[in-house]
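Chemist: Sequence and predicted structure, then a few things I'm wondering about:
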Amino acid sequence: MVGGVGSDPVYADEFRRLASSSNFVHWDGPRPHAEVLNIFGSHRVVLNLSWAEVQSLVDLEASLCGCAVVATPAGHSAEWLPESVEVLDSFDVTEGLLTAKARTTGPRPRANYAATWESTVAVIDMAYQDAVARKGRSEA
């Protein structure tokens, strides 16, 4: 298992405890980014147990390398990568480990990251135009 323990000591202790007590997980510390990408390319599942995410770069990179991603409800990866990302119901580490283990069989997901700069700008522009229109109505 490749994993970072982050800056929260409670999370880090729980991560280490559960990883070391598992029959199917081995964790031996963080790795350089290039090595992590190679690991993603040779594995089937990435379990992202983050407590705080917006759009997870880990989820994006893992899915584009052919991994199924199991993630906590902390981020929005499933909105961007619905074919690749399964969102857990909670932040429970044991649930995450069991769900990831179940995803080790079956076909590899196909990442379909359809967002482009053009589509992103169009959404932002539409939201901006709507905000300007609402502001104008409220000042009238």
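Modeler: Everything's here; your move. Numbering: from 1, shown residues only.
Chemist: Considering this protein, which helix comprises the largest number of residues?
Modeler: helix 117-139 (DSSP state H).
Chemist: helices or strands next to that one in the packing?
Modeler: Applying 3 or more Cβ pairs under 8 Å, 6 or more residues apart in numbering; DSSP states H and E, one finds that helix 117-139 contacts no other helix or strand. Just so you know, the C-beta spots here come from the backbone N, C-alpha and C atoms, and that holds for glycine as well.
Chemist: Distance from it to the middle of the chain?
Modeler: 28 Å (Cα atoms, centre = their mean, to the nearest Å).
Chemist: Kindly report the same for stretch 129-140.
Modeler: 36 Å.
Chemist: Quick one: mean pLDDT for it?
Modeler: On average, the pLDDT along stretch 129-140 is 84.
Chemist: Buried ones in that stretch, by neighbour count?
Modeler: The neighbour-count check on stretch 129-140 (16 or more other Cβ atoms under 10 Å) flags nothing as buried.
Chemist: quick one: residue 74 is in a helix?
Modeler: No. Per DSSP: H, G, I helix; E, B strand; the rest coil, residue 74 lies outside any helix segment and is coil.
Chemist: Strands of this protein, residue ranges please.
Modeler: Listed in chain order, the strands of the chain (DSSP state E) span 45-48, 68-71, 85-87.
Chemist: out of those, nearest to residue 130?
Modeler: strand 85-87 (28.1 Å; Cβ to Cβ).
Chemist: who touches the spatially most central residue of the chain in this structure?
Modeler: Centroid-nearest residue in the chain: residue 59, 3.4 Å away (criterion: Cα atoms, centre = their mean). By Cβ atoms under 8 Å, 6 or more residues apart in numbering, residue 59 lies in contact with 46, 48, 53, 69, 71, 75, 77, 81, 84, 85.
Chemist: That concludes my questions; thank you for your assistance.
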